[in-house]
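Peer 1: what's the 3D shape of this:
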Amino acid sequence: MIYQNPPETKTNELQEPTMNTETNTDLLNVLTREGVLINASVRYPRFHKKLRAADLGLEPDQVSDKLMSLGHKKLLPQEALADLALVESRTHAVIEKNTFPFLNVGHFLPNGKLVDVQEQLNAQERNFEVARGRFLRGYERTREQALIDWRDAIRQIAKTYEEEETLFSQIREAFPSREFIEPRFAFEVRLFQIAIPDNFDMELISFAEQNEVRLARLEAAREARRDIQTGVETFVGECVNELRHQTAQLCDEMLASMRGGKTDGVHQKTLNRLVAFIDDFKSLNFANDTEMEQQLDRVRTELLGRSAGDYRNSPAAVRSLESGLAGLRDHARDLAHQDARELVERFGQLGRRKLQLAG
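Peer 2: Here you go, the predicted structure:
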């Protein structure tokens, strides 16, 4: 497999942003069309309570609030909330795998991933409802057992009967009723359209407000607009480089697996990882990184037409696979260390042309 060396350019660290406001507005318009912002949250009672010195068998004057924090105690054992915690972890994993962090306000979800992500999140929401129902049905029983366990634990640290009863009473009161905790469970997914404020609606500002307050709000709108416009170039460039870094990392992991894995040589799961990654890359490649995508397509054509068994039966084919993966890794690293501004500019120009055609 032949890889052409990319043209030499200065790295991101040596370049200063030069795009004008019009170009950044074009980029923002394209982002608005190419994807949405998404936030997903899983909420459920954590059953934590702040630790006090007495909970650890200490006197209050033995703990300095200025120098230390005692943290929290778990009212329920970890396994009681394990199903809910698993749903939360998997939900966050879906978002992290299929989106890009956007200016610290959300995650950018490309259109190519929208249906897939919605299906995965719908599945997690169903899992959440099952876990929620199971927890609530068994809550009274779980609470009773937890209080028994806490009674035994408190006996080990309490110095007097009165102290034991006081501590146990505090634990018992920390458990709310089922009716109280039911509304605290929620699985929420919100989609937002990327937009920048042109102004604050003056009708929202009462006549009695001072003029400087109105001016401050207008300036806040202008500042937010500037921040978003100047941030979109960096965001698109970071997304491009992140996918390139992921390509190089996957190649490294595949080579390591082939050379030192539990199974000798090439395993089908290793090849399937690359197939899945190429499909994901295409769905996430909203910025149209054609060079990286073409290299991945070439790898699919030249290296993924064989099965793992075919590779294991041909040392020459294995050497070709290793050489191809190493070449793809090095090429992806070279691209990732270059300034992506030219690609970002093309992305914005393409969006402008599409918008003009649509108009």
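Peer 1: can you pull out the helices in the stretch 251-359 of the chain?
Peer 2: Read by DSSP state H, counting those that start in this stretch, the stretch 251-359 of the chain holds these helices, from start to end of the chain: 268-284, 290-303, 308-312, 315-336, 341-358.
Peer 1: and those as JSON lines, adding mean neighbour count?
Peer 2: The way it works is simple: take the backbone N, C-alpha and C, and place the C-beta from them, glycine included. Conversion of the helices of the stretch 251-359 of the chain to JSON lines gives the following (neighbours: other Cβ atoms under 10 Å):
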{"stretch": "helix 268-284", "mean neighbour count": "16"}
{"stretch": "helix 290-303", "mean neighbour count": "16"}
{"stretch": "helix 308-312", "mean neighbour count": "16"}
{"stretch": "helix 315-336", "mean neighbour count": "17"}
{"stretch": "helix 341-358", "mean neighbour count": "15"}
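Peer 1: Dump these to CSV, plus mean pLDDT and distance to Gly106.
Peer 2: Written out in CSV, the entries for the helices of the stretch 251-359 of the chain read as follows (pLDDT from 0 to 100; distance: least, Cβ to Cβ, whole Å):
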stretch, mean pLDDT, distance to Gly106
helix 268-284, 94, 16
helix 290-303, 95, 25
helix 308-312, 91, 40
helix 315-336, 94, 24
helix 341-358, 64, 20
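Peer 1: Tabulate those (TSV), appending distance to Tyr44.
Peer 2: Written out in TSV, the entries for the helices of the stretch 251-359 of the chain read as follows (distance: least, Cβ to Cβ, whole Å):
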stretch	distance to Tyr44
helix 268-284	30
helix 290-303	40
helix 308-312	42
helix 315-336	39
helix 341-358	40
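Peer 1: Mind checking these for the one nearest to Thr166?
Peer 2: Proximity to Thr166 (Cβ to Cβ) singles out helix 268-284 among the helices of the stretch 251-359 of the chain, at 56.3 Å.
Peer 1: Show me what the closest one is packed up against.
Peer 2: Identification of packing neighbours for helix 268-284 by 3 or more Cβ pairs under 8 Å, 6 or more residues apart in numbering; DSSP states H and E yields helix 82-98, helix 111-137, helix 211-260, helix 290-303, helix 308-312.
Peer 1: which one of the ones you listed has the lowest average pLDDT?
Peer 2: In terms of mean pLDDT, the lowest-scoring of the helices and strands packed on helix 268-284 is helix 211-260 (a mean of 79).
Peer 1: Please save the CA atoms from the helix or strand encompassing Ala153 in CSV.
Peer 2: Per DSSP states H and E: Ala153 is located in helix 139-157. Taking only C-alpha atoms (Å, rounded to 0.1, in the frame of the first residue of the first chain), the coordinates of helix 139-157 have been written out as CSV:
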residue,chain,number,x,y,z
TYR,A,139,-37.2,-0.6,48.0
GLU,A,140,-38.9,-1.4,51.3
ARG,A,141,-37.1,-4.7,51.6
THR,A,142,-33.8,-3.1,50.6
ARG,A,143,-34.3,-0.4,53.2
GLU,A,144,-35.0,-2.9,55.9
GLN,A,145,-31.9,-4.9,55.2
ALA,A,146,-29.8,-1.8,55.0
LEU,A,147,-31.0,-0.7,58.4
ILE,A,148,-30.1,-4.1,59.9
ASP,A,149,-26.6,-3.8,58.4
TRP,A,150,-26.3,-0.2,59.7
ARG,A,151,-27.3,-1.3,63.2
ASP,A,152,-24.5,-3.8,63.2
ALA,A,153,-22.0,-1.3,61.9
ILE,A,154,-23.0,1.3,64.4
ARG,A,155,-22.5,-1.1,67.3
GLN,A,156,-18.9,-1.4,66.3
ILE,A,157,-18.2,2.4,66.6
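Peer 1: residues of that helix that come out buried?
Peer 2: For helix 139-157, the buried set under the neighbour-count rule, 16 or more other Cβ atoms under 10 Å, comprises 139, 142-143, 146, 150, 154.
Peer 1: Thank you kindly, that will do.
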